[in-house]
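Undergrad: what would the 3D arrangement of this be:
(one chain, ligands or ions: 1)
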Amino acid sequence: MARVFIISNRVAMPDSGLHAGGLEVVLKATLKNHPCVWMGWSGETRPQPRVRTLHKGSNTYIVSDLTEEDFDEYYNGFANRVLWPILHYRLDLAEFSRRDLSGYLRVNEHFADELAKVLKPDDVVWVHDYHLIPLAKALRERNLQNRVGFFLHIPMPPPEIITAMPNHERLIPSLCHYDLVGFQTDNDAANFARYLANELGTPAHISRRLGTGERVMRIGTFPVGIEPRGFARLARRAVKSELVRKVIKSIPGTLMIGVDRLDYSKGIALRLEAYERFLAANPAWHGKITYLQITPKSRSQIKEYSEMEGAVNATAGRINGTFSDASWTPMRYVNRPYSRTALSGLYRGARVALVTPLRDGMNLVAKEYVAAQDAADPGVLILSRFAGAAAEFREGALLVNPYDPDAVAAAIASAMAMPLAERKSRHNALFAALLRNDISKWGDKFLSALMGTKEFQLKDGAPASRTKFQDISTRH
Ligand code: ADQ
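TA: Numbering: from 1, shown residues only. So this is what the prediction gives:
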C-alpha cells in the first residue's frame, strides 16, 4: 500500500508530550487510517543537526534539528515575520529581509533532501502550511514525480496583498508544482486562482483545473472541522470535573469565554475594548458577568508579539481597575494552556463565546465551543466574519466585524439577553454545520482528491499527467 508522507514544520512525536496544536488534532484520523511517515522539525537547534527516526505502530516519525541560523531565518524570520502577517492581511507588520528568504528556501531544500532519501515512487506526499510552500518545487528539482499535495491552514489573501510581498514571484508560483493545493474556504481558493490569473495568465475560473505545462495542478476547498460528537462527549464529562466545577462555582453570574493563542491575528486587544464598551453601556450587567480570556503566550521573542502582550495586559488591567468592586472582578485574564478536557468543560459552562479574530484560516475554538454546548440550554457564539468558520456558521452565530468594538459590544448584550428558544434554534443550525464537516473524513477527502480517485474526481479534472514538468515559477 502507498505510504502517506505528512510534512509539517512541527511533528507531534508519540509520547513526547508535544501538542502540535490544531494540526495534530486534524491529522489524527489520517494517522490512524493509513501507514504514515510524519516528517518535520524536531523543535531543537544544534550546530550539527541530527535526523532521528522513530517507529510506532504502523507510523514512522522523522524529525530533523535545525541550526540556530536556520531557526532565525526560516522560522522566526521568513515564516513568522513575513508570511504569517502577510497571509493574515497585515502588510503593516511584515518585516522582509532577503537573508530570511534564503534561510527559508535553504530549510525547504534540506527537507527535500531528507525526503528524497526515503521516498518510494508510489508514496504520496502531503505538505502542510506556510512554512513549506516551495517544498514541491524542491522535490521536482530532485526529479521526484510523486503525487504531492499542499494544504494551507491559514488564509490566502487577495493578489493585491500578496503582490506587495517582495519576491512573491519567487515563492507563490512555486505552489504550481503541487498536484493539489487545498484551502480552508472558497474565498481563499478564489484569491489564489485570481493571483495565478493576474500574475501568470492561467485561467481564473475555480473549476479547479489549472494547467502548468504538462503537469496539472488543481485547487480545492477542504475546510477543517472537528469531531463534534466526540468533543460533545468530552465536554459532558469534563463539566463534572473538579477543576471545571471549581472555576464555574467561583464565578458570580454568567460566564463569557475567549480562548486563543496570544497572536495579533486573534483580535484580542480590540475584543477587550469591546467588552469595556459593553460594561460602560450596560451597568445592569455589572456583578452578573465574568469574562474569562484564556490565552497562552506564543512567539514572545518577536517584537510585535511582546508589544501586543503589553497592550492586552494594559487593557485587561484598565477594565478591572475601572469596573471591579470588592465582590466582583469583570474579567480574568489567564496566560497558560489548559488541557482539551478542561477547555471543553469550560466551553460548556460558558453562556457566550467571543471568537473575534481579525483574520483566521478557520478557527477551531469556534467549532469546539459549539460542540461542547448542552443542546437543551446552549450558549451563544459571537464570531468574526473574518474567520474561515464564518462561511459555515452564517446561520447560527452572531457574526460581527471585529474592527468595530461598538458592534461587538452590542452583540455581547444581545447574546446575554437571548431567549432560550432562539439560542436553541441557532445552536441546532451550528451543530448541523459541524456534522456536515466531521474531521474524521477530512484527511481522506484530501488524499482521495490528491490521488484522483473516482469519488473525488473534480468535475472537469482529469488525473494529473505525471510525465514532463515545466518550471513556470522561473518565467517571471
Ligand atoms: P491556530 O491559529 O492555532 O490554528 P485554532 O484553529 O483556533 O487556531 O486552533 C487552536 C487549537 O488549540 C484549538 O484546538 C484549541 O482548543 C487549542 N487551544 C487554543 N488555546 C488553548 C489553550 N489556552 N489551552 C489549550 N489549548 C488551546 C491554525 C490556523 C487556524 C486553523 C487551524 C487548523 O490559524 O485558522 O483553524 O490551524 O487548520
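Undergrad: where in the stretch 201-350 of the chain is pLDDT low?
TA: By pLDDT under 70, the low-scoring segments of the stretch 201-350 of the chain are 203-215.
Undergrad: for it, what lies in contact range of the ligand?
TA: Residues of the stretch 201-350 of the chain that fall close to the ligand, judged by Cβ under 6 Å from any ligand atom: 224, 259-261, 294, 296, 337-338, 343. From N, CA and C alone the C-beta is placed, and that goes for glycine too.
Undergrad: now do 8 Å
TA: Selection of the stretch 201-350 of the chain residues close to the ligand by Cβ under 8 Å from any ligand atom yields 224, 226, 259-261, 263, 265-266, 294-296, 334, 336-340, 343.
Undergrad: so which of these sit within helices?
TA: Among those, the ones falling in helices (DSSP state H) are 340, 343.
Undergrad: show me which of the residues of the stretch 201-350 of the chain next to the ligand are buried.
TA: Among those, those classed as buried by 16 or more other Cβ atoms under 10 Å are 224, 226, 259-261, 263, 265-266, 294-295, 337-338, 343.
Undergrad: adding distance to Asp113, write the residues you listed out as TSV.
TA: Formatted as TSV, these follow (distance: Cβ to Cβ, whole Å):
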residue	distance to Asp113
Val224	30
Ile226	35
Val259	39
Asp260	36
Arg261	31
Asp263	32
Ser265	32
Lys266	36
Ile294	40
Thr295	38
Pro337	34
Tyr338	39
Leu343	39
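Undergrad: of those, which belong to strands?
TA: Assigned to strands by DSSP state E, the following of these qualify: 259, 294.
Undergrad: which of the buried ones among the residues of the stretch 201-350 of the chain next to the ligand lies closest to Ala326?
TA: The closest of these to Ala326 turns out to be Ile294 (Cβ to Cβ; 25.0 Å).
Undergrad: burial measure for Trp285, as a count.
TA: Close neighbours of Trp285, defined as other Cβ atoms under 10 Å, add up to 17.
Undergrad: quick check: longest strand of the protein.
TA: Determined from DSSP E, the single longest strand within the chain is strand 36-45.
Undergrad: residues contacting the residue minimising distance to the centre of the chain?
TA: In the chain, the C-alpha nearest the mean C-alpha coordinate belongs to His153, at 4.7 Å (Cα atoms, centre = their mean). By Cβ atoms under 8 Å, 6 or more residues apart in numbering, the contact list for His153 reads 22-23, 128-130, 184, 224, 361-362.
Undergrad: among these, who's most crowded?
TA: The most neighbours of any of the contacts of His153, using other Cβ under 10 Å, belong to Gly361, which has 27 neighbours.
Undergrad: that one contacts Leu152, correct?
TA: Yes - with contact defined as Cβ atoms under 8 Å, Gly361 reaches Leu152; the gap is 7.2 Å.
Undergrad: mind listing the shared neighbours of the two?
TA: Residues touching both Gly361 and Leu152 by Cβ under 8 Å, 6+ apart: 184, 188.
Undergrad: from the stretch 1-150 of the chain, which residue is nearest to the ligand?
TA: Proximity of the stretch 1-150 of the chain to the ligand (Cβ to the nearest ligand atom) peaks at Gly22, 3.4 Å away.
Undergrad: that'll do, ta.
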